[in-house]
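Asker: build the 3D model from these lines:
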Amino acid sequence: MYRAAYTDARASYLDRIKNLTRPQDGSQNTTAALTVIGAAIVDTVPFRIQGFISLHNMIAGDAFLVIEEVRDEDDATYREWARNTYVGVQESPMVRFITKICQGWRVRIQRTAGADRAVTYQFFEEVQSA
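Answerer: Predicted structure coming up:
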């Protein structure tokens, strides 16, 4: 019974993968200012979003603040979802943003110590299949 439930859940997950698009991916440098990574992703209908950034270029003495925000549809402003500070060399440099359902989402990063570094990113939006 457990095996069947697992198999059904896995099949459902794999079916969803084909509905993923990659609205944004790339690399950009950090700065001392709080900067949006890529661009905010906004739609008129709710969507599922997930993704990651890579902090593999960090070295000793670097510190980055990463803020994940979702858009509040009542007044079209972004509200903080999560805030984390990363310091020095990262043993596990991939920062994953778990799936959320929203109508607007963005990630901002700020270098708070050290030198500017390139941060690579990929953000995936789940679209409704026809």
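
Asker: quick one: low-confidence parts of this protein?
Answerer: For the chain, applying pLDDT under 70 flags the ranges 1-20, 22, 127-130.

Asker: and the strand ranked longest in it, what does it pack onto?
Answerer: Longest among the strand segments of the chain by residue count, using DSSP state E, is strand 94-113. Secondary-structure packing of strand 94-113 (3 or more CB pairs under 8 Å, 6 or more residues apart in numbering; DSSP states H and E): strand 35-36, strand 41-54, strand 63-72, strand 77-87, strand 118-126. Yep, even glycine has a C-beta here, placed from its N, CA and C like the rest.

Asker: closest to Val95 out of those strands?
Answerer: Among the helices and strands packed on strand 94-113, strand 41-54 comes nearest to Val95, with 5.0 Å by CB to CB.

Asker: just the CA trace of the closest one, in CSV.
Answerer: Taking C-alpha atoms only, strand 41-54 is exported to CSV below (Å, rounded to 0.1, in the frame of the first residue of the first chain):
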residue,chain,number,x,y,z
ILE,A,41,8.0,37.7,-11.7
VAL,A,42,4.5,39.0,-11.8
ASP,A,43,1.2,37.7,-13.3
THR,A,44,-2.5,38.5,-13.1
VAL,A,45,-3.3,35.0,-11.9
PRO,A,46,-1.7,32.9,-9.2
PHE,A,47,1.2,30.7,-10.3
ARG,A,48,3.6,28.3,-8.6
ILE,A,49,7.2,29.5,-8.4
GLN,A,50,10.4,27.9,-7.2
GLY,A,51,14.1,28.2,-7.9
PHE,A,52,17.6,28.6,-6.6
ILE,A,53,20.7,30.8,-6.5
SER,A,54,24.3,29.6,-6.2
